[in-house]
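Chemist: Next input, structure requested:
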Amino acid sequence: MKLRLLPALLALTLAPAVASAEVLLPAIIDVLVDGGNNYNWQKVELPGTQCGNGSQYKFFVSRTSSPNVLFLLEGGGACWDYDTCSGRAGVLGAANPNGISDDYIQQFTAKYVSPLVNGADPGLPLRSKTDLVTKGWNVVYLPYCTGDVHTGNNVATYVDPTGANPPLTWHHKGYSNSIAAANYVKAQIPGVQKLLVTGYSAGGAATASGYYFIRKIINPAKGYYLNDSGPIHLAPNADALSRPLHDKIRQSWNLNSVFGQLPATFDQNNFGSISRMVAQEFPNDQLAYTGYLQDYNYSRFSYERFRTPNDKASILNYWKADQDKLVAEMNLYNNFSYFIPYHRPINDSHCSTVITFIGSHACQRMEKKRYWYEYLEWPPGQTYKCYSEFVSMDTFLRRWINENQRIRIYEPANNYNNEDPGMSAVSALINGALGG
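Modeler: Next up, the predicted model:
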């Protein structure tokens with residue numbers, strides 16, 4: 001991180017109150033992430049692709065001389081009724097209900113959100129940014145505007161429960177958009193060596209649900225699957241915690257028409273079997289899941305509208321129960337890694353690979369300090385210590401992609417990030433810039 005960071009932050013702190021949020025908040029992120037990406041993006045519009053409102057779908061490609069491709073599926077909520085698809089539900093609805101503009105890739109989300117896309121982790125103040133394994137790769141950036149985790153195959157009509165507005169016709173066309181983009185990559189970038197399919201939140205769920213199709217079409221020499229905070233939990237019966245959500249989206253998005261094309265290693269009655277299917281169909285690929293155990297964003301989608309009680313403590317308990325089952329499932333397959341930190345005070349502990357990797361570290365033996373003299377160590381006030389290896393996200397990615405290592409870290413409950421003074425300062429700025 002360049003030394004201009006501190007004076008820039010000070011200037012932002014002292015900015016007049018009349019400064020508009022549209023200018024101030026992206027400026028904060030611009031300083032923190034050192035400008036995001038400035039690639040020479042190509043806008044792609046393919047026949048038959050649509051956003052939820054029926055407008056033309058657009059995705060963006062950055063070409064390089066690399067034989068490797070990063071295929072990123074953008075996140076941003078989900079929808080299955082009038083409130084969530086129209087935008088009236090706010091954060092618990094679908095992103096970009098009005099479609100994708102021509103300059104979308106230069107706007108806030110696409111420019112700043114992913115260190116993987118930008119090829120570098122911005123790091124902390126006074127600390128240089130860290131180049132990542134994806135630096136220099138071709139990038140295919142799929143914006144999200146269909147509300148169906150890039151997987152739906154339906155045109156639905158949703159009625160306004162208040163009666164104030166006419167019915168909403170919504171095009172859940174994520175599946176055909178993703179398939180069209182994959183075929184475009186196959187034609188334009190032949191002979192792909194490494195293909196990393198990834199996404200965060202809804203894009204993480206899309207990674208799980210779409211990897212089979214995308215990988216089959218592009219057919220790289222080696223495939224990598226990184227689901228960031230979009231788990232498709234096991235739900236084999238009506239009593240399963242995530243089953244009500246799965247039943248709802250099965251109907252609204254017509255998922256049987258999509259998942260019916262998957263091989264027999266997938267169980268149509270248990271969406272969570274998608275992990276087993278991918279692991280068995282591509283035994284030589286590197287597969288991974290990352291996400292925080294205290295994620296209070298995606299967990300709300302999973303349970304808040306479907307389960308009681310639905311207070312925060314209950315929702316996080318449901319989440320842990322489902323996460324434990326997911327970890328046990330991944331443990332069955334040699335090609336599955338996982339990197340599950342406990343908590344980060346950014347974006348309600350949602351997503352490990354967005355904005356910055358600050359706080360995206362995990363330690364298998366994070367514990368309360370054992371001896372009095374350990375409390376004298378830097379930083380002051382820190383009561384937790386890692387008694388095994390302290391693994392950063394960029395280290396995980398390097399080992400997992402470049403060295404083909406299997407890595408499994410499931411961090412225990414701790415308060416390390418909340419007690420880190422640097423984390424507190426940075427998280428306040430980022431959460432403010434994100435509007436939360």
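Chemist: If you count neighbours, what's buried in stretch 257-266?
Modeler: Neighbour-count burial for stretch 257-266, with 16 or more other C-beta atoms under 10 Å as criterion, is recorded at 258-259, 262, 266. Backbone N, C-alpha and C define where each C-beta goes, glycine included.
Chemist: and which of those residues is nearest L73?
Modeler: The closest of these to L73 turns out to be V258 (C-beta to C-beta; 14.6 Å).
Chemist: Torsion angles phi and psi at that closest one?
Modeler: When read as degrees, to the nearest 10, the backbone of V258 gives phi -90, psi -50.
Chemist: who are the neighbours in contact with it?
Modeler: 151-153, 175, 209 (C-beta atoms under 8 Å, 6 or more residues apart in numbering).
Chemist: Please enumerate the helices of this protein.
Modeler: Along the chain, counting by DSSP state H, helices occupy 5-13, 21-32, 82-86, 108-112, 115-118, 174-188, 202-218, 243-252, 256-259, 274-281, 298-303, 312-330, 393-397, 421-434.
Chemist: list the helices and strands the third one packs on?
Modeler: It refers to helix 82-86. If contacts are counted by 3 or more C-beta pairs under 8 Å, 6 or more residues apart in numbering; DSSP states H and E, helix 82-86 sits against strand 154-158, strand 168-172.
Chemist: what's the answer for the longest one, then?
Modeler: With contacts defined as 3+ C-beta pairs under 8 Å, 6+ apart, helix 312-330 has these neighbours: helix 274-281, helix 298-303, strand 336-340.
Chemist: what do you get for the fifth one?
Modeler: Identification of packing neighbours for helix 115-118 by 3+ C-beta pairs under 8 Å, 6+ apart yields strand 69-73.
Chemist: and the strand it packs on, what does it pack onto?
Modeler: Against strand 69-73 (3+ C-beta pairs under 8 Å, 6+ apart) you get helix 115-118, strand 138-142, helix 174-188, strand 194-200, helix 202-218.
Chemist: Name the surrounding residues that touch the fourth one.
Modeler: In this case it means strand 194-200. The contact list for strand 194-200, computed with C-beta under 8 Å, 6+ apart, reads 67-75, 113-114, 116, 134, 137, 150, 204-207, 210-211, 214-215, 218, 220-230, 351, 353-354, 401.
Chemist: cool, and the second one?
Modeler: Counting by C-beta under 8 Å, 6+ apart, the neighbours of strand 138-142 from elsewhere in the structure are 39, 41, 59-64, 66, 68-74, 105, 110, 117, 150, 177-178, 181, 185, 189, 203.
Chemist: Strand partners (parallel or antiparallel) of it?
Modeler: Paired neighbours of strand 138-142 in the sheet (DSSP bridges): strand 59-62 (antiparallel), strand 69-73 (parallel).
Chemist: centre of the chain versus the shortest one, how much separation?
Modeler: It refers to strand 59-62. Mean-position distance between strand 59-62 and its chain equals 18 Å (C-alpha atoms, centre = their mean, to the nearest Å).
Chemist: Dump it to CSV, keeping only the CA atoms.
Modeler: Provided in CSV are the C-alpha atoms of strand 59-62 (Å, rounded to 0.1, in the frame of the first residue of the first chain):
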residue,chain,number,x,y,z
PHE,A,59,-20.5,-9.6,-19.7
PHE,A,60,-16.9,-8.4,-20.0
VAL,A,61,-13.6,-10.0,-21.0
SER,A,62,-10.0,-8.9,-20.4
